[in-house]
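> any chance you could fold what I've pasted below:
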Amino acid sequence: MNKFEYSRNNQIILHQDHWSGGFIQSLLNALYLVKLMSGKLEEKRIFLVATMDEVRKDMFSSVIQKHISNSTVFFAADGAEALFKIENAPPDVFITDYALPKMTGIDVVQQIVSKAKFDDVSIIICARLPDKEHFVDEVVTGKVQFFLEPGGEPRLAHCLTRALNRLTKDDISDYRLVFLASDEVLIQEGEIGKSVFIVKKGTLQAYKSKKGCEVILGEITSGEFVGEMSHINHEPRSASVRALSDCELIEIPYGTLDLVLFSKPSWSKALVATLSKRLKKSNETVLKKTN
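As a prediction, the model looks like this:
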């Protein structure tokens, strides 16, 4: 078995229990580590892509080079190779197919999210969002994103920039807990929307103004979305929304959790629980700092 480690002067040492056909692959892995280390020193953005598909390799490489300046892309043909490279020299962003030989992409991701030393590795999984909630906390913070190829280059470019932006800011800064008293207005008809809301607690009412009168459209309760139609239709708010009771909502800016919110509403309960927990923790941290 071949094994690599770094010496104190950053030289790569190859331990050989025996020479085999795997030596060539081991040597290629060593070269990957050398190049990746050089990239880190030069402030390059390092991407590792795990896929067997040559067309996808070209697509990922092309989009990354086009949209991310000073970037370097490496590849892994199977899950075991990908995990080896990540363990030895973590990239900034890991992009993986769901299905890989030797070790699935999901299994590799599970290894990454379970170890604190990989906190600074952002992950993009090339697969449909599963029906069952998976990596919810990581999806909320932006550490894990799901990319569907029908979204094409614009969607992938968005995933790439969000993956890198996560590394430079507080992971909860995108979200905000909003409190409303009864009769307070959350959304005004005709205004330009910037956020979607999930109702954590309370009841709200949607209504429209018509010839000086209010037309009641319906009520919105815990676990439901508020303001999503404006984003979906790319239009101003189509109705006003006010609180019928004391309410708590989680505000989610456009572009952060779109894929989860609009393709899998079944995730909303898990998202509310996860966001609430993280916001509470964030607020407690702020209070400690101010005391």
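> and the nearest residue to Ile192 once chain neighbours are set aside, what pLDDT?
Once flanking residues are discounted, Ile192 sits nearest to Pro236: 5.6 Å by CB to CB, 6 or more residues apart in numbering. C-beta here means a position set from N, CA and C on the backbone, and glycine is covered the same way. Note for Pro236: predicted pLDDT of 87.
> could you pull out the helices for the stretch 1-150 of the chain?
23-41, 54-67, 79-88, 105-113, 136-141 (DSSP state H, counting those that start in this stretch).
> mean confidence for stretch 192-209?
Stretch 192-209 comes out at a mean pLDDT of 87.
> for that stretch, which positions count as buried?
193, 195-200, 202-207 (16 or more other CB atoms under 10 Å).
> can I get that stretch in PDB, CA atoms only?
C-alpha atoms of stretch 192-209 as PDB (Å, rounded to 0.1, in the frame of the first residue of the first chain):
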ATOM      1  CA  ILE A 192     -40.400  45.200  -4.600                       C
ATOM      2  CA  GLY A 193     -39.600  42.000  -2.600                       C
ATOM      3  CA  LYS A 194     -36.200  41.000  -1.400                       C
ATOM      4  CA  SER A 195     -37.000  38.200   0.900                       C
ATOM      5  CA  VAL A 196     -39.200  35.100   1.500                       C
ATOM      6  CA  PHE A 197     -40.500  34.400   5.000                       C
ATOM      7  CA  ILE A 198     -41.300  31.200   6.800                       C
ATOM      8  CA  VAL A 199     -43.900  31.500   9.600                       C
ATOM      9  CA  LYS A 200     -42.500  30.100  12.800                       C
ATOM     10  CA  LYS A 201     -45.300  31.100  15.100                       C
ATOM     11  CA  GLY A 202     -48.700  32.900  14.700                       C
ATOM     12  CA  THR A 203     -51.200  33.700  12.000                       C
ATOM     13  CA  LEU A 204     -51.100  36.300   9.300                       C
ATOM     14  CA  GLN A 205     -53.700  37.400   6.700                       C
ATOM     15  CA  ALA A 206     -53.200  38.200   3.000                       C
ATOM     16  CA  TYR A 207     -55.400  40.900   1.500                       C
ATOM     17  CA  LYS A 208     -55.600  43.100  -1.600                       C
ATOM     18  CA  SER A 209     -57.000  46.600  -2.000                       C
END
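> the stretch 151-291 of the chain: helices as residue ranges?
152-165, 228-233, 258-263, 268-290.
> quick one: neighbours of Val215, just the number.
When neighbours are counted by other CB atoms under 10 Å, Val215 registers 11.
> and what of Glu87?
Glu87: 14 neighbours (other CB under 10 Å).
> state the distance from it to Ala243.
Noted for Glu87: a distance of 50 Å to Ala243, by CB to CB, to the nearest Å.
> repeat for Thr51
48 Å.
> tell me the pLDDT of Pro253.
pLDDT, Pro253: 78.
> low-confidence ranges, the stretch 151-291 of the chain, go.
Along the stretch 151-291 of the chain, the model assigns pLDDT under 70 to residues 151, 168-175, 232, 255-291.
> wait, what's in contact with the closest residue to Arg176 other than its chain neighbours?
Nearest non-adjacent residue to Arg176, counting by CB to CB, 6+ apart: Glu251, 4.4 Å away. Contact partners of Glu251, counting by CB atoms under 8 Å, 6 or more residues apart in numbering, are Tyr175, Arg176, Leu177, Val178, Ser195, Val196, Phe197.
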